[in-house]
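> The following block contains a protein sequence and its predicted model.
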Amino acid sequence: MNGRFESERKKMVEEHIIRRGITDEKVIEAILKVPRELFVEEAFQEKAYGDHSLPIGCGQTVSQPFMVALMTQYLKLSGTERVLEIGTGSGYQAAVLAELAQKVYTIERVKTLFEKAQKILSEKLRYKNIVTVFGDGTLGLANFAPFDRIIVTAAAPETPKILTDQLANNGILVVPKGDKFLQTLTIITKRDGELLIQDAGGCVFVPLIGKYGWREEVNGNR
């Protein structure tokens, strides 16, 4: 990898990940390892390690590194989990998850983004534990359920029951909930059929589009 990007990645992790409260060493190591510059448009690679979202095409953006790290930390991954990601986007979050989980299933509904992310993840970075799927993420992946962890990278109007149904017992679901203007990062733990809900603070994501999300097209973070 480019030595300069490696230096900038380390600086970003120190200033925007560790100093802002991310304490999971495995998450920090994953962020240090994944080359974020590969997941943004070439014209924006010089800005790949600022703590902000950047364009990835199709009117979408890759989420800021801190939010990726925060959501990943809430998943509490030990390395044995099967994880479902709703909204592949650039593929950056999936790559971080692949460093920490046994298997990652990721769904994207925009064909261009799906194909681009698939190429980066499988051909450039050669991940063997990521399954990329083109389709409606709000439906989940019933054929591969249950999942130990589920992460949604778009804001749902409410928690999609179809996703909590696909969550294993003692599983964790991380999902932004709310409308286009006011959203809350929500952590849901499933224990013996009961859903335990934790409010983890405000966030900003694109509305979740699909059968069990919002129905209109809106640009935003992915």
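Cool, got the structure.

> going forward, measure contacts and count neighbours with C-alpha atoms only.
Noted.

> how many neighbours does residue 40 have?
Other residues near residue 40 number 22, with proximity taken as other Cα atoms under 10 Å.

> quick one: it and residue 52 touch, right?
No. Between residue 40 and residue 52 there is no contact under Cα atoms under 8 Å: 11.7 Å.

> got any ranges where the chain has weak pLDDT?
1-2, 215-222 (pLDDT under 70).

> ok, which stretches of it are helices?
Listed in chain order, the helices of the chain (DSSP state H) span 3-12, 25-33, 65-75, 92-98, 111-119, 161-165.

> ranking those helices by burial, who's on top?
Highest mean neighbour count of the helices of the chain: helix 92-98, a mean of 26 (counted as mean count of other Cα atoms under 10 Å).

> What is it packed up against?
helix 25-33, strand 103-108 (3 or more Cα pairs under 8 Å, 6 or more residues apart in numbering; DSSP states H and E).

> Not counting its own residues, what contacts the longest strand seen in the chain?
In the chain, assigned by DSSP state E, the strand with the most residues is strand 167-178. Under the criterion Cα atoms under 8 Å, 6 or more residues apart in numbering, residues 71, 74-75, 145-159, 164, 183-193, 203-205 lie in contact with strand 167-178.

> Got a ChimeraX select line for the buried ones in the residues you listed?
In ChimeraX syntax, the buried subset of the contacts of strand 167-178 is picked out as below (16 or more other Cα atoms under 10 Å):
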select :71,74,75,145,146,147,148,149,150,151,152,153,154,155,156,157,159,164,183,184,185,186,187,188,189,190,203,204,205
